[in-house]
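Colleague: Coordinates for the following, if possible.
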Amino acid sequence: MPASSYNPALIRTHFPALQEADGRGQPLIFFDGPGGTQVTQSVIEAMSDYLSRRNANTHAAFLTSRRTDETLAAAHEALADFLNAPSPDEIVFGPNMTTLTFALSRALARTWHAGDEVIVTRLDHDANIAPWLALQEQGIVIRWLDFDPGDCTLQMKQLPDLLNERTRLVAVGGASNAVGTINPVAEIVRQAHAAGALVFVDAVHLAPHAAIDVQALDCDFLACSVYKFYGPHVGVLWGRYELLEQIPAYKVRPSDPHPPGKWMTGTQNHEGLAGATAAIDYLAWLGTTQGADMAASFPGFSGRRLALKRAMAVIVAYEQALFARLLSGLREIPGARVYGISDPARMVERTPTAAVRIAGTSPDELSQRLAAHGIATYAGHFYAVSVIERLGLSDKGGVLRIGISHYNTAAEVDQLLAILAD
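Modeller: Predicted coordinates:
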């Protein structure tokens, strides 16, 4: 679907925060999506409805407990649809992706031995590095896949040399939260599986900007965060059922010995899971109302899974057009540099997230200047410390990060560019 058929004005009516203004009456503009997106009114209402009509713990005979069980089951179904998982029993919820990854890494290490190896990349958020580095105290060897600082893409030619018979897992990001690069995950999975290794994908930054299909990727584990795609602060882990069943999880003794329960330690964020379902249903609504003519593009999909495919295709088309406008404007600003892929012909290889520096001023100063005009951005390393170190920017304040979301507009982009150019 061409971006011109997209109706951002309609989309924006679903987000209450977009109607807000700062203390001086300036409309708030959100380019901070990579750190967390705004939520829809339907998400807010779903969480409120849970707390007012469903609030209880699970697995009891009384009404609100039964409603809670229904709420949790619906959330598993919704995220299974979002990721095209074979079964809702493969969806694990937790407080955030980082906590879930630490839990999984510790559990996997119980099945490994000193001298076994894990490959991580320098292009990743530290949530997909630190949990694996922590295993060094158990004798696990960490190997690093580097990236080219020119276009910020992984040096894939290195991967065959890193893989060997001791490799147990490759941890890779779906996309870089700092510079936007979309990694060739399917190819990494192919090579890793050929070497007998598992693959863990951090899809936190990719999920808002691309349709994720764990079956097509053929990965073994994938994690994402609902608050990056218009929902509440809930973490999600998908894993192949047979692996989730086999791996010994850290859990209390009375809890469910089978997936997903064995991995969901303690009482879950029930109202958050109600909001997670609402976020997925919002995306399905978007796909149904704005992507109906895309049905032929996704053979084999139906129902909510088809609507979600359409939604992400519509979002990608709109965001890429808006990001092209942003890049074009940044090129006109003297001293501005955008890190990562900037070739217009390669936009499918990146998300609409720009890592920017402007000569003569620091990223923090730029972010503060934008904030004074009601524009939200972040400056620094965004926990992608290895990326910023590799780019030689650790002692220079990192970069200014500008993230396009599907609720942003051309007018907002132009306003940001005008302030940066001043």
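Colleague: tell me the centre residue of the protein?
Modeller: residue 204 (1.9 Å; CA atoms, centre = their mean).
Colleague: Looks like that one contacts residue 97 (just checking).
Modeller: Yes. Counting by CB atoms under 8 Å, residue 97 is a contact partner of residue 204 at 5.3 Å. C-beta: built from backbone N, CA, C; applies to glycine.
Colleague: The stretch 51-200 of the chain: helices as residue ranges?
Modeller: For the stretch 51-200 of the chain, helices defined by DSSP state H, counting those that start in this stretch occupy the ranges 63-83, 97-109, 130-133, 159-162, 185-194.
Colleague: Out of these, which is closest to residue 334?
Modeller: When the helices of the stretch 51-200 of the chain are compared by CB to CB, helix 185-194 sits nearest residue 334, at 37.1 Å.
Colleague: Flag the shaky bits of this protein, pLDDT-wise.
Modeller: Where the chain drops to pLDDT under 70, the residues are 1-5, 292-296.
Colleague: Walk me through the domains of it.
Modeller: For the chain, automatic domain parsing gives the domain ranges 3-39+312-421, 45-279.
Colleague: so where do the strands sit in the stretch 151-300 of the chain?
Modeller: For the stretch 151-300 of the chain, strands defined by DSSP state E, counting those that start in this stretch occupy the ranges 153-154, 167-173, 198-202, 221-225, 235-239.
Colleague: Adding distance to residue 392 and mean neighbour count, write these out as CSV.
Modeller: Formatted as CSV, the strands of the stretch 151-300 of the chain follow (distance: least, CB to CB, whole Å; neighbours: other CB atoms under 10 Å):
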stretch, distance to residue 392, mean neighbour count
strand 153-154, 17, 22
strand 167-173, 20, 25
strand 198-202, 24, 25
strand 221-225, 29, 26
strand 235-239, 32, 26
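Colleague: Distance to residue 23 for these - can I get that in JSON lines?
Modeller: Below are the strands of the stretch 151-300 of the chain laid out as JSON lines (distance: least, CB to CB, whole Å):
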{"stretch": "strand 153-154", "distance to residue 23": "42"}
{"stretch": "strand 167-173", "distance to residue 23": "37"}
{"stretch": "strand 198-202", "distance to residue 23": "37"}
{"stretch": "strand 221-225", "distance to residue 23": "30"}
{"stretch": "strand 235-239", "distance to residue 23": "33"}
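Colleague: among those strands, which is nearest residue 101?
Modeller: Minimum separation from residue 101 across those (CB to CB) falls at strand 221-225, 6.0 Å.
Colleague: rewinding a little: out of the domains of the chain, nearest to residue 297?
Modeller: Comparison of these against residue 297 by CB to CB identifies domain 3-39+312-421 as nearest, at 6.8 Å.
Colleague: which stretch among the strands of the stretch 151-300 of the chain comes nearest residue 90?
Modeller: Nearest of the strands of the stretch 151-300 of the chain (CB to CB): strand 235-239, 5.5 Å.
Colleague: the inter-axis angle of that closest one versus helix 97-109?
Modeller: Computed by axes from the mean of the first three to the mean of the last three CA atoms, to 10 degrees, the angle separating strand 235-239 from helix 97-109 equals 30 degrees.
Colleague: so residue 337 sits in a strand?
Modeller: Yes. Counting by DSSP: H, G, I helix; E, B strand; the rest coil, residue 337 is located in a strand.
Colleague: Test of understanding: give the bridge partners of it.
Modeller: residue 357 (DSSP bridges).
Colleague: Same question for residue 360, what's its three-state structure.
Modeller: The local conformation at residue 360, judged by three-state DSSP, is coil.
Colleague: mind listing what it touches?
Modeller: Listed by CB atoms under 8 Å, 6 or more residues apart in numbering, the contact set of residue 360 reads residue 335.
Colleague: on that earlier part again, reformat the domains of the chain as CSV; add distance to residue 285.
Modeller: Shown next, in CSV, are those (distance: least, CB to CB, whole Å):
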stretch, distance to residue 285
domain 3-39+312-421, 9
domain 45-279, 10
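Colleague: Residue 291: which of these is closest?
Modeller: domain 3-39+312-421 (4.6 Å).
Colleague: circling back to that earlier point, can you tell me how far the residue nearest to the centre of the chain is from residue 356?
Modeller: Counting by CB to CB, to the nearest Å, the separation of residue 204 from residue 356 is 21 Å.
Colleague: now the helices for the stretch 201-350 of the chain?
Modeller: In the stretch 201-350 of the chain, the helices defined using DSSP H, counting those that start in this stretch lie at 214-217, 241-246, 270-290, 303-331.
Colleague: Of the ones you listed, which stretch is the most buried?
Modeller: Highest mean neighbour count of the helices of the stretch 201-350 of the chain: helix 270-290, a mean of 23 (counted as mean count of other CB atoms under 10 Å).
Colleague: Does that helix pack against any helices or strands, and if so which?
Modeller: Helix 270-290 makes packing contacts with helix 41-49, helix 63-83, helix 303-331 when contacts are defined by 3 or more CB pairs under 8 Å, 6 or more residues apart in numbering; DSSP states H and E.
Colleague: Let's have those helices in TSV, adding distance to residue 243.
Modeller: Below are the helices and strands packed on helix 270-290 laid out as TSV (distance: least, CB to CB, whole Å):
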stretch	distance to residue 243
helix 41-49	31
helix 63-83	15
helix 303-331	23
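Colleague: re earlier: out of the strands of the stretch 151-300 of the chain, which comes closest to residue 419?
Modeller: Closest among these, using CB to CB: strand 221-225, at 29.3 Å.
Colleague: Which residues belonging to stretch 336-356 are considered buried?
Modeller: Within stretch 336-356, the residues that qualify as buried are 336, 338-342, 347, 349-356, counting by 16 or more other CB atoms under 10 Å.
Colleague: farthest pair in those?
Modeller: Spatial extent of the buried residues of stretch 336-356 (CB to CB) is set by the pair 336 and 349 at 21.0 Å.
Colleague: picking up where we left off before, which among the helices of the stretch 51-200 of the chain is found nearest to residue 18?
Modeller: Closest approach to residue 18 among those (CB to CB): helix 63-83, 22.9 Å.
Colleague: Centre of the chain to that closest one, how far?
Modeller: 21 Å (CA atoms, centre = their mean, to the nearest Å).
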